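Undergrad: Okay, here's the prediction I keep looking at, along with the sequence it came from:
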Amino acid sequence: MSDIPKGAFGRTAKLAGLPISAAGRMTLGWGQKLFGADRDEVSAGVQRRTAEQLFEVLGSLKGGAMKFGQALSVYEAAIPDEYAEPYREALTKLQKDAPPMPTAQVHRVLDEQLGTTWRSRFAEFDDTATAAASVGQVHRAVWKDGREVAVKIQYPRAEAALRADLGQLARIAPLFGMLLPGIAIKPLIAELRERILEELDYPAEADNQRAFAAGYADDPRFRIPRVVASAPKVLVSEWIDGVPMSAVIASGTTEQRDLCGELLTELHFSSPEMVGLLHADPHPGNYLLTADDRLGVIDFGSVARLPDGSPPIIGEISRLAIDERAEDVERLLRLEGFIPAAYQPDPVMLMNYVAPFIEPLRHERFHFTRGWMQERFAVMSDISSAESKMARNLNLPPHYLMVYRVTFGSIGVLCQLDATAPFKTIVEHWQPGFA
């Protein structure tokens, strides 16, 4: 097994070393510029090396560091190709496996959580983990009634590791800003911190999964595994087979890409209305394409609770932006607290900024590509632009932050898929305020 820092000191040292290394690279870059090196090439080199080290460290740590890296990986499509190529593989690795726990440790956790007679609950149990990720790992087994099941086991001391990592991540926020200059990193980290800590609560995750399974029971589009048993640190669910979405992104057919894109869009917009919950961890590692062309969803630790459905303002602003009613967009945003009372933005510029992804709603079917995402992102990330200066005077009310992040992330995955999907039709059907 790879060496993973277990104590707070070892984990902190790895994370704390990142800004020091980045500062050294920036100093070297300034020196190269002084001696006549091409500014763009030097900047690209600094960013590339910073990203490589950043994701290498995040990928080598369990807990909050790796989980945050997974969350960032959905934005990979927004990063310009000249920067993204060198570390796209590192981003992809964050959606996959981490080194697993030893078998003896697995058995100790099961003894503590399910009792020392836990083996009697299973007809078979595979001691080799099939997947090992940020908070826990998964083992394949057969329940005593013959059902194939996935046994999710939380790492010992996961909470301490998570809290230590998340504290350090706030300190290295400027590095993420170098990578994604259009994203407000500090509030993003704060929001992700809450969601990541929620993933320690397996009983709550079991309740979330039961709600999704009931809401989508016998649905021809989705396969939600039912919960078989749960404990504070162990969750047993029905096993589902399928092609991982990460594999579809890497080598899937056009038909598979388009189907995954359509189903992911449908899940995103339908679940607040059908379940009162929004799946809030939209990275490809959480989705499978099953043999009967359904979208399998396998992780419910992070959700947004929307008991009244998706906020209608999202649909209302989208419709107003399509109709180019800039003054009405400004009025609605002001009522909802997005615009401070004393600030007077340019209405057209405001409309174009708050609705950067409106183009897919102008077409019956839309082709989501990395190039399109990068164009949208370039406008948002140009800190010298008038739009960016305006954005610094706006508010993002906290209760909209998660919905914004998940929507942005889901669109990022659609672009990784290179999918063509009936985005407008799905939004018209499910999003309150749009139709």
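TA: Structure received.

Undergrad: Tell me how the protein divides into domains.
TA: Per the record, the chain has its domains at 8-97+162-181, 103-158+198-238, 242-435, by automatic domain parsing.

Undergrad: right, and these - which one's nearest residue 191?
TA: domain 242-435 (5.0 Å; C-beta to C-beta). Every residue, glycine included, has its C-beta placed from N, CA and C.

Undergrad: can you give me how far the closest one is from the chain middle?
TA: Offset of domain 242-435 from its chain centre (C-alpha atoms, centre = their mean, to the nearest Å): 13 Å.

Undergrad: okay, the domains of the chain in a markdown table with distance to residue 187, mean pLDDT and mean neighbour count next?
TA: Putting the domains of the chain into a markdown table (distance: least, C-beta to C-beta, whole Å; pLDDT from 0 to 100; neighbours: other C-beta atoms under 10 Å) gives the following:
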| stretch | distance to residue 187 | mean pLDDT | mean neighbour count |
| --- | --- | --- | --- |
| domain 8-97+162-181 | 10 | 55 | 18 |
| domain 103-158+198-238 | 17 | 95 | 18 |
| domain 242-435 | 6 | 90 | 18 |
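
Undergrad: for the chain, which strand is longest?
TA: strand 122-132 (DSSP state E).

Undergrad: Show me the contact partners of the helix or strand following it.
TA: Where DSSP states H and E defines the elements, the next helix or strand beyond strand 122-132 is strand 136-143. Contact with strand 136-143 is made by 98, 100-101, 106, 121-132, 148-155, 158, 228, 233, 236, 239, as judged by C-beta atoms under 8 Å, 6 or more residues apart in numbering.

Undergrad: strands paired with the helix or strand following strand 136-143, and their directions?
TA: Counting by DSSP H and E, the next helix or strand C-terminal to strand 136-143 is strand 148-154. Strand 148-154 sits in its sheet next to strand 136-143 (antiparallel), strand 234-238 (antiparallel), going by DSSP bridges.

Undergrad: CA atoms of strand 148-154 as CSV?
TA: Provided in CSV are the C-alpha atoms of strand 148-154 (Å, rounded to 0.1, in the frame of the first residue of the first chain):
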residue,chain,number,x,y,z
GLU,A,148,-25.2,-8.8,-4.5
VAL,A,149,-24.3,-5.8,-2.4
ALA,A,150,-21.7,-3.0,-2.1
VAL,A,151,-20.3,-2.6,1.4
LYS,A,152,-19.1,1.0,2.0
ILE,A,153,-16.7,1.2,5.0
GLN,A,154,-15.5,4.5,6.4
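
Undergrad: Residues contacting that strand, please?
TA: For strand 148-154, using C-beta under 8 Å, 6+ apart, the contacting residues are 101, 106, 109-110, 122, 125, 130, 135-143, 200, 202, 225, 228, 233-239, 298.

Undergrad: do that again at 7 Å, thanks
TA: Contact with strand 148-154 is made by 106, 109, 135-143, 202, 228, 233-239, as judged by C-beta atoms under 7 Å, 6 or more residues apart in numbering.
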